[in-house]
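**Q** the following block contains a protein sequence and its predicted model.
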Amino acid sequence: QKEVEQNSGPLSVPEGAIASLNCTYSDRGSQSFFWYRQYSGKSPELIMFIYSNGDKEDGRFTAQLNKASQYVSLLIRDSQPSDSATYLCAVPWSLMGRRALTFGSGTRLQVQP
Amino acid sequence: GAVVSQHPSRVICKSGTSVKIECRSLDFQATTMFWYRQFPKKSLMLMATSNEGSKATYEQGVEKDKFLINHASLTLSTLTVTSAHPEDSSFYICSASRDSRGDQPQHFGDGTRLSIL
């Protein structure tokens, strides 16, 4: 199983600011990357996925991938209190024909009103 | 869309009871389904991976006879916690994916909070 590292936080930003969440991964061969949001007591919800180097934008969210440096980040523009949650980075791995996701431990984001 | 329904959302039962949790993909065919367990303030722990029509693959340390998984169709997987005890109390979450290669996202059910008295 491969490693996925995230700063546990909490990352505190004021309402309206840009929140930047980072994730590094160990498997240089990884091809796809996923960001999930998990509210306390709830199950994860897919926010974005990215396959290619560069940026991918979806509304207030931008995923950035740099395969050479093995990191993927999530930017949240115009942060809202409702964005306060734990954000999980996930990377697929394979071993002896099995495929699954390795999740980072998550970064807790707090958006201050 | 990619909707995954998990039922029940909450179970409270006595020690020794067996509990069955269902996971259904409502609007897509799930080649692969996954079962996770999560303790408070901890990350997701993968318990097992199941493909339709074949035996589940369990992660190290997960008892196959304790956590029975059946993936009878492309839209339904079940997890049965047999003879549950208080230490089995946890948040169980299923997810489903359209592919078996891991390139497609996993979509999660709402989870089942299991409390064993």
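**A** All right, it came through fine.
**Q** going forward, measure contacts and count neighbours with C-alpha atoms only.
**A** Noted.
**Q** contact residues of chain A facing chain B?
**A** Selection of chain A residues close to chain B by C-alpha under 8 Å from any C-alpha of the partner chain yields A:31-32, A:34, A:42-46, A:49, A:92-93, A:99-101, A:103-106.
**Q** filter the residues you listed down to the buried ones.
**A** A:31-32, A:34, A:43-46, A:49, A:92-93, A:99-101, A:103-106 (16 or more other C-alpha atoms under 10 Å in any protein chain shown).
**Q** in terms of helices and strands, where is the residue most central in space within chain B?
**A** Nearest to the mean C-alpha position of chain B, by C-alpha atoms, centre = their mean, lies B:W35 at 3.3 Å. Using DSSP states H and E, B:W35 sits in strand B:32-38.
**Q** name the surrounding residues that touch that strand.
**A** B:44-52, B:71, B:77, B:79, B:90-100 (C-alpha atoms under 8 Å, 6 or more residues apart in numbering or on different chains).
**Q** and chain A, which of those reach it?
**A** With the criterion set as C-alpha under 8 Å from any C-alpha, the members of the contacts of strand B:32-38 near chain A are B:44, B:49, B:93, B:100.
**Q** where does the prediction get shaky in chain B?
**A** Residue ranges of chain B with pLDDT under 70: B:102.
**Q** which strand in chain A has the most residues?
**A** The single longest strand within chain A, with elements called by DSSP state E, is strand A:85-95.
**Q** export that one as PDB, just CAs?
**A** Only the C-alpha atoms of strand A:85-95 are listed here, as PDB (Å, rounded to 0.1, in the frame of the first residue of the first chain):
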ATOM      1  CA  ALA A  85     -15.100  20.000   7.000                       C
ATOM      2  CA  THR A  86     -12.300  17.400   6.700                       C
ATOM      3  CA  TYR A  87     -10.900  17.100   3.200                       C
ATOM      4  CA  LEU A  88      -9.500  13.800   2.100                       C
ATOM      5  CA  CYS A  89      -7.000  13.200  -0.600                       C
ATOM      6  CA  ALA A  90      -7.200   9.700  -2.200                       C
ATOM      7  CA  VAL A  91      -4.900   7.900  -4.700                       C
ATOM      8  CA  PRO A  92      -5.600   4.500  -6.300                       C
ATOM      9  CA  TRP A  93      -3.100   1.700  -5.700                       C
ATOM     10  CA  SER A  94      -2.800  -1.800  -6.900                       C
ATOM     11  CA  LEU A  95      -1.300  -4.900  -5.500                       C
END
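**Q** ok, the very next helix or strand once past it: who's next to it in the sheet?
**A** For strand A:85-95, the following helix or strand on the C-terminal side (DSSP H and E) is strand A:98-103. Paired neighbours of strand A:98-103 in the sheet (DSSP bridges): strand A:85-95 (antiparallel).
**Q** run the chain-centre distance for the strand it pairs with.
**A** Distance of strand A:85-95 from its chain centroid, counting by C-alpha atoms, centre = their mean, to the nearest Å, is 8 Å.
**Q** buried residues, stretch B:71-85. List them.
**A** So stretch B:71-85, judged by 16+ other C-alpha under 10 Å, has buried residues B:71, B:74-82, B:84-85.
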